[in-house]
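>>> Would you be able to build a 3D model of this:
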Amino acid sequence: MKKPVIGVIAPKRFNLENPFECQSRFVDNFSKRIMEAGGIPIGLLFPLENFNEDEMKMCDGLVIQGGPHLGSSHICAIHYAYIHKIPVLGVCLGMQTLAGYEWFRKKYKKINYKIISENFKYDDEKFYLYDMEGHDKLNPFKFKEIEKCKHEVFIDKFSKIYDIYKKDVLNVPSLHKSMARDELFKDGLFKVTGVTSDGVIEVLESKDDWFCVGVQFHPELEDENLVLFEKLIQACKK
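Here you go, the predicted model:
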């Protein structure tokens, strides 16, 4: 059986006055974990947020990296994955992408790539995220001090994430100042399955059999979290 191809979406930097500052910034640890888990990583570029469905057609699964801001291409990619039921793992900003998609679907009811591309804006973050101090304790990040940014995440026993880890409490590195708004998930595609002691959402996942898991913490940083990438690869082979 061929190895699954995993498309990776990286955060972007825009500076239209300097073309060398228009970049997609891929973090090597994601590709490393995908390869260790048995997949083949490829970068999905979507320059200047121009979503390209043909890029997605090459992929058996999707990983969305962390970063500063969501763009319309993130939401288009999740919409493609939802329609075609390709497995998804979102990390940090990747989890927040699920929140952004949930909010956008509820606002516009019937959506397509054109509607998303024309209407989803960076400034929309306030509708599905909020900022709070205390979850960005290691900034700037230094790997030798990783223990300082770890905290407990309490896991719903009736969830995909519990089935993966077989634990109801995880001690994981988490670095973020933006939090997903929990009121979004009273009904919809996704449910909350992991929270911190102060109630901040750390895990979102699809309610149905579609493998779509978003984690606010950073599994790519530690070997013991390779299991999450392995589960993604397994889901791609079904």
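>>> Return the mean pLDDT over stretch 197-205, rounded to an integer.
For stretch 197-205, mean pLDDT rounds to 95.
>>> Going forward, count from 30.
That works, and once the first residue is 30, the last one we named lands at stretch 226-234.
>>> In the top helix by length along the chain, which residues are buried?
Longest helix in the chain by number of residues (criterion: DSSP state H): helix 122-137. Buried residues in helix 122-137, counted by 16 or more other CB atoms under 10 Å: 122-134. From N, CA and C alone the C-beta is placed, and that goes for glycine too.
>>> Could you tell me the average pLDDT over that helix, please?
Helix 122-137 comes out at a mean pLDDT of 96.
>>> How are the strands of this protein distributed by residue range?
For the chain, applying DSSP state E gives strands covering 34-38, 41-42, 52-53, 69-73, 90-93, 117-120, 158-160, 179-184, 198-202, 207-209, 219-224, 230-235, 241-244.
>>> what's the offset of the fifth one from the middle of its chain?
Here strand 90-93 shows a centroid-to-chain-centroid distance of 8 Å under the convention CA atoms, centre = their mean, to the nearest Å.
>>> The longest helix of the chain to strand 34-38, inter-axis angle?
If you take axes from the mean of the first three to the mean of the last three CA atoms, to 10 degrees, helix 122-137 sits at 80 degrees to strand 34-38.
>>> and the angle from helix 122-137 to strand 230-235?
Using the same axes, to 10 degrees: helix 122-137 against strand 230-235 is 60 degrees.
>>> now helix 122-137 and strand 219-224, what's the angle there?
150 degrees.
>>> Extract the CA atoms of helix 122-137 and return them as PDB.
Coordinates of the C-alpha atoms in helix 122-137 are reproduced here as PDB (Å, rounded to 0.1, in the frame of the first residue of the first chain):
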ATOM      1  CA  LEU A 122      -4.100  27.800  14.800                       C
ATOM      2  CA  GLY A 123      -5.200  24.600  13.100                       C
ATOM      3  CA  MET A 124      -7.700  24.000  15.900                       C
ATOM      4  CA  GLN A 125      -8.800  27.600  15.700                       C
ATOM      5  CA  THR A 126      -9.500  27.000  12.000                       C
ATOM      6  CA  LEU A 127     -12.200  24.500  13.000                       C
ATOM      7  CA  ALA A 128     -13.700  27.300  15.200                       C
ATOM      8  CA  GLY A 129     -13.500  29.700  12.300                       C
ATOM      9  CA  TYR A 130     -15.200  27.200  10.000                       C
ATOM     10  CA  GLU A 131     -17.900  26.500  12.500                       C
ATOM     11  CA  TRP A 132     -18.700  30.200  12.900                       C
ATOM     12  CA  PHE A 133     -18.600  30.900   9.100                       C
ATOM     13  CA  ARG A 134     -21.000  28.000   8.400                       C
ATOM     14  CA  LYS A 135     -23.500  29.200  10.900                       C
ATOM     15  CA  LYS A 136     -23.300  32.800   9.600                       C
ATOM     16  CA  TYR A 137     -23.700  32.000   5.900                       C
END
